[in-house]
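Participant: Below are the sequence and a predicted model; questions follow.
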Amino acid sequence: MASSYSTDLKLELMVTGENSGTWGDKTNTNLNLVQQAIAGYEAVTVSGTGDTALVMTNAALSNARNAVIKLTGTITGNITVSIPDGIEKTYIVENGTTGAFTVQFKTSSGTGPTFSATDKGIKVLYSDGTDVKDVLGNASQINLVNQNEVRFEDASGGEYAGLKAPATVSASYTLSLPTADSANSGYGLTTDGAGQLSFTDVASTGKAIAMALVFG
């Protein structure tokens, strides 16, 4: 009986008594393929427009098997980068392309997340064999425990501005940002008491309150 190949990583699955004299070499190849899937990094050049198909070849190093893929090159229109259908695998994908166009990472016949025209960031993805999913993009919320904070570093990375919860919150709440920035300078964020934030002329509001207190 001839060898078969695994569904996800295309490793050669040998039967007992097969490949006498070459079994060790084939096993080493399989180990290298597993290594590529766990720790492999590859910069894949894409260009132009349309689709770039990554490949997963039986028993051979292939760009779709890498754990980390950086997409590089100059694109002149919206593109898609596809992996073969049927693969169940995690990916870290960086959009290192040049050109203000979208980049979608998907399966051949399915769907997948899209880097916007200005998004030159990194996505943590997984394929369920049918579609590619964005781990963080599909999360309904991100929970940071024990007052862990979100930090926004400055341009040099030397200093940061952080946000975190107080030591005790009497009741859980969510604040929703306004749909657009204020057209007026000096406006501040205020809440409507139900979690919806809006921009308000804080100075004028403060003066009105002060006058009401003074004149009754």
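Facilitator: Noted; the coordinates are in hand. Numbers count the residues shown, from 1 in each chain.
Participant: okay, now the domains of the chain?
Facilitator: Structural domains assigned to the chain are 4-134, 175-216, following automatic domain parsing.
Participant: and Gly158, which of those is closest to it?
Facilitator: For Gly158, the closest of the domains of the chain is domain 4-134, at 21.3 Å, according to Cβ to Cβ. Backbone N, C-alpha and C define where each C-beta goes, glycine included.
Participant: I'd like the average pLDDT over the closest one.
Facilitator: Averaging pLDDT along domain 4-134 yields 95.
Participant: thinking again about what came up before, put together CSV for the domains of the chain, with mean neighbour count on each row.
Facilitator: Shown next, in CSV, are the domains of the chain (neighbours: other Cβ atoms under 10 Å):
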stretch, mean neighbour count
domain 4-134, 16
domain 175-216, 11
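Participant: Run a quick check on Asn66 versus Ala43, I expect a contact.
Facilitator: No: in this structure Asn66 lies outside contact range of Ala43 using Cβ atoms under 8 Å: 9.8 Å.
Participant: Run through the bridge partners of Glu126.
Facilitator: In this structure residue 126 is Tyr, not Glu. Taking DSSP bridges, one finds Thr90, Lys133 as the beta-bridge partners of Tyr126.
Participant: What residues does it make contact with?
Facilitator: Contact partners of Tyr126, counting by Cβ atoms under 8 Å, 6 or more residues apart in numbering, are 88-91, 132-133, 135.
Participant: one more time with 7 Å, if that's ok
Facilitator: 89-91, 133, 135 (Cβ atoms under 7 Å, 6 or more residues apart in numbering).
Participant: Following the chain onward from the helix ranked longest in the chain, which element is next?
Facilitator: The longest helix of the chain (DSSP state H) is helix 23-39. Next along the chain after helix 23-39, taking DSSP states H and E as the criterion, comes strand 41-45.
Participant: export the domains of the chain to TSV and tack on distance to Glu159?
Facilitator: Formatted as TSV, these follow (distance: least, Cβ to Cβ, whole Å):
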stretch	distance to Glu159
domain 4-134	22
domain 175-216	23
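Participant: Quick check, pLDDT for Asp201.
Facilitator: pLDDT, Asp201: 84.
Participant: which one is it nearest to, not counting chain neighbours?
Facilitator: Nearest residue to Asp201 in three dimensions, chain neighbours excluded: Tyr187, at 5.7 Å (Cβ to Cβ, 6 or more residues apart in numbering).
Participant: Ok, Val124 next?
Facilitator: Counting by Cβ to Cβ, 6+ apart, Val124 lies nearest to Val135, which is 4.3 Å off, once chain neighbours are set aside.
Participant: how near is the one you found to Lys106?
Facilitator: Note on Val135: its distance to Lys106, by Cβ to Cβ, to the nearest Å, is 15 Å.
Participant: just Thr57 next, same as before
Facilitator: Taken as Cβ to Cβ, the span from Thr57 to Lys106 is 20 Å.
Participant: ok, the residue most central in space within the chain - contacts?
Facilitator: In the chain, the C-alpha nearest the mean C-alpha coordinate belongs to Lys123, at 2.0 Å (Cα atoms, centre = their mean). Lys123 is in contact with 93, 113, 134, counting by Cβ under 7 Å, 6+ apart.
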